[in-house]
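Asker: how would this look folded up:
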Amino acid sequence: MSAKLKTVTLGCKVNQYETEFLREGLSKIGYTDAQQGEAADLCIVNTCTVTNEGDSKSRKAIRQLARENPDSRIVVMGCYATRAPEEVQALPNVAEVVTDKRELPDMLGRFGVVDIPTGISGFGNRHRAYVKVQDGCLLRCSYCIIPHVRPELTSRPLQHILDEVDRLVANGYKELVLTGIHIGHYGVDWNMNKPREEWVRLADLVRDIASRPGDFRIRISSIEATEVTKELIAVMAEFPEKIAPHLHICLQSGSDSVLRRMRRRWSKKTFINRCNLIRHALNNPSFTTDIIVGFPGETDEEFSETLETVREIGFSKIHMFPYSARRGTPAADMDNQLPKQLKKQRGRELAEVERELRHNYFTSLLGYELEVLVEAQKKDAADQLVGTACRYAPIQFQGNASLIGSLVKVIAQRVEDDRIIASLVE
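Answerer: Residues are numbered from 1 along each chain as shown. Below is the predicted model:
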């Protein structure tokens with residue numbers, strides 16, 4: 001069989017992993033990627049529904065694929081497909097709507113794949129790969145629709161993950177990003193019916209991966225503050241050469257009153273204390289986060305508290321989201337929805353604080369030896385290479401293109417144009 005495949009992925013790292021899983025499975029029965037301008041026999045769209053914009057982009061992608069590939073079958077999956085399957089089914093050329101990601105192996109079987117993969121062995125032309133370790137979220141944050149479309153906690157078998165890690169490392173991937181819908185709940189679904197001494201948690205998984213042979217590093221994806229446990233911190237400290245000293249810990253707001261309206265599970269003091277615990281155990285770690293500005297009822301004073309909190313923690317990067325009402329969530333029905341202009345203004349203020357904090361953190365790294373994943377040549381200077389440091393800082397240094405795709409050591413020398421200029425350790 002020889003058939004052409006096109007995939008479109010919207011949204012999170014988990015979606016990107018799941019698309020790669022399908023691509024690899026379908027390649028076993030002869031599917032190859034359609035090239036630019038080449039019609040596809042099968043199109044797969046992995047959708048997102050975090051915001052209304054995610055829904056809109058998903059519909060646009062489906063319609064565009066139908067226009068450009070009029071004879072194709074379109075399979076749609078992802079969170080938008082789960083939330084509104086009838087709406088998706090009505091779009092042009094949609095042949096199948098997959099409403100539960102746990103059905104992906106069955107879907108491959110329906111296409112004729114006999115040897116169903118338990119994981120992936122590649123991640124396209126990238127130098128880092130995502131490793132999905134779990135799915136589902138039990139939390140009920142008042143602004144979030146995801147627990148409604150991915151409600152079932154499902155942790156991947158440990159051996160499947162370790163086998164996948166071995167394949168990816170053998171195939172040259174130097175950074176593995178552990179990801180999930182709620183990564184801190186890895187193992188929770190197994191542990192419910194076991195005595196505590198037999199529990200398996202994220203810290204155990206990370207230790208097992210870090211203990212594997214090979215030249216690679218691990219980066220832990222987005223995690224909740226309370227789930228950066230003492231055990232996990234201890235594992236990160238135990239394997240400083242294998243585990244990036246960087247954590248993306250979701251704050252969302254630095255105001256206790258807003259956190260309560262968001263139905264978050266901790267106070268800003270708890271969050272700050274956890275960051276201090278991490279900072280005490282690791283060598284100048286990097287903290288990045290998500291912040292929602294303009295949550296319903298957010299006052300000037302509450303927003304100022306958020307600015308104070310992010311300054312105290314010293315994030316090196318902030319993913320800022322203006323609040324977007326999501327139909328079906330409690331926050332969408334709250335009083336005092338704020339105007340778009342005010343949310344934009346607060347976003348600009350937060351971005352200014354982020355630039356300051358980012359510069360401060362990068363400056364604190366000067367003189368450090370940093371491990372860098374080399375990703376490309378600088379576009380306007382062939383002798384300059386760019387990559388990402390273990391502490392999630394963009395790095396530029398002079399070097400040969402043969403280093404692209406490898407992990408190298410550099411010395412941070414100065415901060416320039418929102419990146420660190422470094423020199424290669426010979």
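Asker: quick one: the helices in the stretch 201-350 of the chain?
Answerer: For the stretch 201-350 of the chain, applying DSSP state H, counting those that start in this stretch gives helices covering 202-210, 230-238, 256-262, 268-281, 300-313, 340-364.
Asker: need those helices in JSON lines (columns: distance to Arg128).
Answerer: (C-beta placed from N, C-alpha, C; glycine too.) Conversion of the helices of the stretch 201-350 of the chain to JSON lines gives the following (distance: least, C-beta to C-beta, whole Å):
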{"stretch": "helix 202-210", "distance to Arg128": "14"}
{"stretch": "helix 230-238", "distance to Arg128": "18"}
{"stretch": "helix 256-262", "distance to Arg128": "31"}
{"stretch": "helix 268-281", "distance to Arg128": "22"}
{"stretch": "helix 300-313", "distance to Arg128": "26"}
{"stretch": "helix 340-364", "distance to Arg128": "21"}
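Asker: among these, show me which one is buried the most.
Answerer: Most buried of the helices of the stretch 201-350 of the chain by mean neighbour count (mean count of other C-beta atoms under 10 Å) is helix 202-210; its value is a mean of 21.
Asker: report the distance from it to the chain centre.
Answerer: Here the centre of helix 202-210 is set off from its chain's centre by 18 Å, with C-alpha atoms, centre = their mean, to the nearest Å.
Asker: on that earlier part again, do you know which of the helices of the stretch 201-350 of the chain lies nearest Gly328?
Answerer: Closest to Gly328 of these, according to C-beta to C-beta: helix 256-262, at 15.9 Å.
Asker: which helices and strands does that closest one pack with?
Answerer: helix 300-313 (3 or more C-beta pairs under 8 Å, 6 or more residues apart in numbering; DSSP states H and E).
Asker: point out where this protein drops to low pLDDT.
Answerer: Flagging of the chain using pLDDT under 70 yields the residue ranges 1.
Asker: hang on, the earlier thing: between the helices of the stretch 201-350 of the chain, which one is nearest to Tyr186?
Answerer: Of all the helices of the stretch 201-350 of the chain, it is helix 202-210 that lies closest to Tyr186, at 4.4 Å by C-beta to C-beta.
Asker: outline the domain layout of this structure.
Answerer: As assigned by automatic domain parsing, the chain contains the domains 3-110, 128-364, 369-424.
Asker: of all those, which one is nearest Ser121?
Answerer: Nearest to Ser121, of all the domains of the chain, is domain 128-364, at 4.1 Å by C-beta to C-beta.
Asker: now the closest one, how far from the centre of its chain.
Answerer: Counting by C-alpha atoms, centre = their mean, domain 128-364 comes out at 9 Å from the chain centroid.
Asker: also stretch 76-94?
Answerer: Distance of stretch 76-94 from the chain centroid (C-alpha atoms, centre = their mean) equals 23 Å.
Asker: one step back: now the domains of the chain in JSON lines, with distance to Gly122?
Answerer: Listed next are the domains of the chain as JSON lines, based on distance: least, C-beta to C-beta, whole Å:
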{"stretch": "domain 3-110", "distance to Gly122": "7"}
{"stretch": "domain 128-364", "distance to Gly122": "6"}
{"stretch": "domain 369-424", "distance to Gly122": "13"}
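Asker: burial measure for Arg414, as a count.
Answerer: Arg414 has 11 neighbours, counted by other C-beta atoms under 10 Å.
Asker: partner strands of whatever helix or strand Arg414 lives in, with direction?
Answerer: For Arg414, the enclosing helix or strand under DSSP states H and E is strand 407-416. Applying DSSP bridges, strand 407-416 is found paired with strand 369-378 (antiparallel), strand 419-424 (antiparallel).
Asker: got those strands as TSV, with distance to Leu65 and mean neighbour count columns?
Answerer: Converted to TSV, the strands paired with strand 407-416 look like this (distance: least, C-beta to C-beta, whole Å; neighbours: other C-beta atoms under 10 Å):
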stretch	distance to Leu65	mean neighbour count
strand 369-378	29	19
strand 419-424	36	19
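Asker: wait, which of those is closest to Ile146?
Answerer: Across the strands paired with strand 407-416, Ile146 has its closest neighbour in strand 369-378 (28.9 Å, C-beta to C-beta).
Asker: list the buried residues in the helix or strand following that closest one.
Answerer: Sequence order places strand 381-389 as the next helix or strand after strand 369-378, per DSSP H and E. For strand 381-389, a neighbour-count test (16 or more other C-beta atoms under 10 Å) marks Leu385, Val386, Gly387, Thr388, Ala389 as buried.
Asker: show me the contacts for the spatially closest residue to the last one that is not a sequence neighbour.
Answerer: Right, Ala389. Nearest non-adjacent residue to Ala389, counting by C-beta to C-beta, 6 or more residues apart in numbering: Leu370, 4.3 Å away. Listed by C-beta atoms under 8 Å, 6 or more residues apart in numbering, the contact set of Leu370 reads Ala389, Cys390, Arg391, Ala393, Ile395, Lys409, Val410, Ile411, Ala412, Ile420, Ala422.
Asker: of those residues, just say which sits nearest to Glu53.
Answerer: Closest to Glu53, out of all of those and judged by C-beta to C-beta, is Ala393, at 29.1 Å.
Asker: how much space is there between Arg156 and Leu138?
Answerer: Using C-beta to C-beta, to the nearest Å, Arg156 is found at 17 Å from Leu138.
Asker: between these two, who's got more neighbours?
Answerer: Neighbours per residue, other C-beta under 10 Å: of Arg156 and Leu138, the larger number sits with Arg156, 18 against 12.
Asker: buried residues, stretch 44-61. List them.
Answerer: Buried residues in stretch 44-61, counted by 16+ other C-beta under 10 Å: 44-51, 54-55, 57-59, 61.
Asker: give me the distance between the two termini of that stretch.
Answerer: End-to-end distance of stretch 44-61 (C-alpha to C-alpha, to the nearest Å): 10 Å.
Asker: and that stretch, how far out from the chain middle?
Answerer: 17 Å.
Asker: got the contact list for it?
Answerer: With C-beta under 8 Å, 6+ apart as the test, stretch 44-61 has contacts from 5-12, 15-16, 18-19, 22, 62, 65, 74-84, 88, 91, 144-146, 149, 324, 326-327.
Asker: what comes into contact with stretch 110-126?
Answerer: With C-beta under 8 Å, 6+ apart as the criterion, stretch 110-126 contacts 1, 17, 20-21, 24-26, 28-29, 105, 108-109, 129-131, 156-157, 160-161, 163-164, 167-168, 171, 173.
Asker: quick one: the strands in the stretch 51-200 of the chain?
Answerer: According to DSSP state E, counting those that start in this stretch, the stretch 51-200 of the chain carries its strands in the segments 73-78, 94-97, 128-135, 154-155, 175-180.
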